[in-house]
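> fold the following.
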Amino acid sequence: MVTAGPGDVVAMLVFARVVERQSFTAAAKVLGLSKSGVSERVTALEEQLGARLLQRTTRRLALTPAGMAFYERCARVAAEADEAAAVAAGVGDGRPRGVVRVNAPITFAQMYLASPLARFLRAEPAVRVELSIADRHVDLVSEGVDLAIRIAGATAPLGGASLMARRLTTDRTVCCGSPAYLAERGTPRYPADLVQHTCLRYSQVRAADEWHFRDALGTFAGPGESAVGLAANNGTVLRELALAGAGLAVLPRHMVLAELAQGRLVPILEDAYRSVDLGIFAVHAHGKHPPASLRVLVEHLVAWFKKGLGDPPGS
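Numbers count the residues shown, from 1 in each chain. Below is the predicted model of the structure:
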């Protein structure tokens, strides 16, 4: 019978690998242990801690709240062990190394991440980046993501108190439509006018957060669901629909910089009303002491976006 205490570094490393690989079998292969040995280590940890760390089903593993909190500490231990092992093996030179798994929204990644990541990889050749793109809100810990780029409103949660966030830059939303659409349907002068228009909804956020305007007198909600002509879970699709004259869309300004500059989309309700302020954040679940590979990537992105998003790509 394997025994392990909450301060057992080996057990913490085993637990971290199980969470990262989402499998006892995969973790055992990486660690060079038997599947039963890995399972016994995790069970012993749970017994010592007096708390269940993992919910086991036939299809997947899920962290409990206690498991999530404990994993944050174990992940730091695992990262430091990897770096120490590389140095001891003679392949380490003190520079950051390892894999950083990054998730980002689809359109933002396509438009703004290629250049900073290319520069980062040239500067840090021992670090490998695995980039996944999705417009859904990923669970960093359960999905093995080290760093997520998130775009959020001023009051939108970033995913929980256990996450650390660094602001990369700011943006705001813009309500816009094509010249052809506005010529046919008219240009709204007040938020209340939007009920007379076809509105294109981004289904990943609440309508109240998306169609939200304010002036010196207060805030104003936009149209109700009855005015929504189409809802989609991808901003690029909504931009293309707006360009095609299908309706009005509220989009992050960075997504439509080129279209606004070229007059292919026209901003509305900007003279008297301001839409939602946005923050673009780098978010991770490694606490205040992330592994060196993650830390240098975050610092690189902070420095890169310090001057904002710049000109629209291709302009």
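
> could you list the buried residues of the biggest strand by length in the chain?
Scanning the chain for the strand with the most residues, using DSSP state E, yields strand 164-177. By 16 or more other C-beta atoms under 10 Å, the buried positions in strand 164-177 come out as 164, 168-169, 171, 173-177. Placement of C-beta: from N, CA and C, glycine included.

> possible to save those as CSV with distance to residue 141 and pLDDT?
Compiled in CSV, these are given as follows (distance: C-beta to C-beta, whole Å; pLDDT from 0 to 100):
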residue, distance to residue 141, pLDDT
164, 13, 84
168, 21, 92
169, 26, 91
171, 27, 89
173, 29, 89
174, 34, 92
175, 36, 92
176, 37, 95
177, 40, 96
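
> domain boundaries for this structure, per the record?
9-88, 100-315 (automatic domain parsing).

> between these, which gets the lowest average pLDDT?
Ranked by mean pLDDT, these bottom out at domain 9-88, which scores a mean of 81.

> now the helices: where do they sit in the stretch 1-150 of the chain?
In the stretch 1-150 of the chain, the helices defined using DSSP state H, counting those that start in this stretch lie at 9-21, 24-31, 35-49, 65-88, 106-108, 114-123.

> tell me which stretches of the stretch 201-315 of the chain form helices.
Counting by DSSP H, counting those that start in this stretch, the helices of the stretch 201-315 of the chain are 207-210, 235-243, 257-262, 292-304.

> I'd say residue 120 and residue 131 touch.
No - Residue 120 is not in contact with residue 131 according to C-beta atoms under 8 Å; the separation is 11.3 Å.

> who has more neighbours, the two?
Of the pair residue 120 and residue 131, residue 120 is the one with more neighbours under other C-beta atoms under 10 Å, namely 19 against 15.

> excluding residues flanking it in the chain, which one is nearest the more buried one?
Excluding the flanking residues, the one nearest residue 120 by C-beta to C-beta, 6 or more residues apart in numbering is residue 300, at 4.8 Å.

> about what we covered before: using TSV, lay out the buried residues of strand 164-177 together with distance to residue 136.
Converted to TSV, the buried residues of strand 164-177 look like this (distance: C-beta to C-beta, whole Å):
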residue	distance to residue 136
164	21
168	20
169	22
171	20
173	19
174	23
175	24
176	24
177	27
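
> which residues does the residue lying closest to residue 53 once chain neighbours are set aside contact?
In space, and not counting its chain neighbours, residue 53 is closest to residue 67: 3.6 Å by C-beta to C-beta, 6+ apart. By C-beta atoms under 8 Å, 6 or more residues apart in numbering, the residues touching residue 67 are 19, 51-54.
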